[in-house]
Structure formats: structure tokens, C-alpha cells
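Peer 1: Coordinates for the following, if possible.
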Amino acid sequence: MNAIGIIPARYASTRLPGKPLTDLGGKTMIQRVVEQARLARLSRVVVATDDERILTHVLDFGGEAFLTSPDHPSGTDRVFDAYCQLDVPADCIINIQGDEPFIQPQQINALIALFEADPRTQLATLVKPVETQEELFSSHMPKVVLDARGQALYFSRHPLPYQRQFPQEQWLTQHRYLRHIGLYAYRPDILAELTRLPPSSLELAESLEQLRWLENGYHIQTAETTAATLGIDTPEDVVRALRLLADSKQQA
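Peer 2: Residues are numbered from 1 along each chain as shown. Prediction:
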């Protein structure tokens, strides 16, 4: 299985400008993401960026990177741009979020395994059991409903299903909710098709790109993870990340 990991990394961020170059305990965030991705079963790990500063930095620490158009509307488009520049065949392409410095190699490997198990797999992503009320009702943590085969039926920023017969404090005791972890894998031909789709009504309503794919009839297979993740979006997230790194050093 030839799997290529591509990490989209934009410099612009309204809440944390220059986010990929944020220092996290002596290494930038993008370097930590690359190093974690290299531990997975990937033949290549490539950064796709719209900024010369990020490109230069990645090349300086020995990474591989491509400069992509600054006009791409999504990370998916940026990933496809980099894949086209690579110009090599692949069985699947893994879109690894550039703001996930604690991504675990087994999470990436779980998506690769879905394509190994069934070459007809079009798209794949990760889900994780919801454990707290805060997670369940946070609009920043999209939830996902699956069918009996583990394929996504719908993603929402609101908890689904809505449990009409129980107060919200009891929802977690009555149903096994799953949250979405934003790690995607695509067959190359499917990725090319996705970049040609216009925004959909469901996507615009929820601000979730994956709904565009579902609305157009694509199938998203899921794998479950229990590993904790911490995406970095705000200065407060940086503080939490530094705390996690400090704790891991003490435990080592």
C-alpha cells in the first residue's frame, strides 16, 4: 500500500497568525506534525503551504514541501495541488492537519488499513467516542452519525441524534455519541473529483466541508480511535500544548 501524507499549512490565521511556525517547546508546530507523521506507514510526508516562510522552514529542518496557490478555498484543494506537483502514483493520500502536533502514527495507520481491507474505499476519516458534556455540546467538535457498516451518514456541530425523551444531561448515558477527528484519506481519483465540486447547502449551513461530499453521493468510511488529540487554533491552545509537552517530558 503506497500511502502519501500531505500536510496543508497556511500562514494566515485570524486567531493565531503564523500558526504553523508557532514554537512548541523548541520545535515549531509544523515540524512536530511532520515528525509524528513520519512515524506512520507513509512513503512520503509532504507539507503543502501557500507561504515562502513555511516552505523555507520545512526545507531547513529536512522536510519536504511544495508551494501551492494562495487562492485555494480549502485544505483539500491544497492537498490536491501538492499531490499534482509530486506527480507520483499513490493508493491513498492522507490529509494530515497542520495544527495537530500530537497526531498519533496509529491514527494515520488506521486509515491506511481501511484502504488495504477494501480497495473500493473512496474516503476515510476518524471518529472518537464522546466522553464529556462539554465535548457533546461544543460546536467546535463536530459529531458524526454512522450506519451499520461504519460509514458516515451525517456530520453536525449539534449532537445527533436528538434524544427527545431524555433531558440533555442524560444523553451520554443513553447513546454512544461519536465526534469527528479531522484526519482524511482519499483515493487519488476521488480527491480529484472532490476538488471540482461546488459548495453544497449542507456544507454552508454547518460549515463542514465533508457534508459536500456526502451530499454528492460519496461514501466516507470511518475508523475509531481512542487517542486524545489537541488541535491548535488559539493562544490558549498553545498554552495547553506546552503543558502537555511538559507533562510528557516528566513522565519520560
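Peer 1: can we go C-alpha only for contacts and neighbour counts from here?
Peer 2: Noted.
Peer 1: hang on, residue 51 packs against residue 8?
Peer 2: No. Assessed by CA atoms under 8 Å, residue 51 is found out of contact with residue 8, at 11.0 Å.
Peer 1: who has more neighbours, those two?
Peer 2: residue 8 (28 against 18; other CA atoms under 10 Å).
Peer 1: any idea which helix or strand carries that one?
Peer 2: Following DSSP states H and E, one finds residue 8 within strand 3-9.
Peer 1: Direction included, what does the helix or strand just after that strand pair up with?
Peer 2: Reading on from strand 3-9 to the C-terminus, the next helix or strand found by DSSP H and E is strand 23-24. Sheet pairing here is set by DSSP bridges, and for strand 23-24 it gives strand 27-28 (antiparallel).
Peer 1: Restricting to C-alpha, output the strand holding residue 8 in PDB.
Peer 2: What follows is strand 3-9 as a C-alpha-only set of coordinates in PDB (Å, rounded to 0.1, in the frame of the first residue of the first chain):
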ATOM      1  CA  ALA A   3       0.200   5.900   1.100                       C
ATOM      2  CA  ILE A   4       1.400   9.500   0.900                       C
ATOM      3  CA  GLY A   5       0.900  12.000   3.700                       C
ATOM      4  CA  ILE A   6       0.300  15.700   2.800                       C
ATOM      5  CA  ILE A   7       0.000  18.400   5.500                       C
ATOM      6  CA  PRO A   8      -1.700  21.600   4.400                       C
ATOM      7  CA  ALA A   9      -0.200  24.600   6.200                       C
END
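Peer 1: So which residues make contact with it?
Peer 2: 20, 30, 34, 37, 41-50, 54, 75, 78-79, 82-83, 90-99, 112 (CA atoms under 8 Å, 6 or more residues apart in numbering).
Peer 1: so how far is that strand from its chain's centroid?
Peer 2: Relative to its parent chain, strand 3-9 has a centroid offset of 10 Å by CA atoms, centre = their mean, to the nearest Å.
Peer 1: what's the average pLDDT for it?
Peer 2: In this model, strand 3-9 has an average pLDDT of 97.
Peer 1: before we move on, what about stretch 36-46?
Peer 2: Rounded mean pLDDT across stretch 36-46 is 97.
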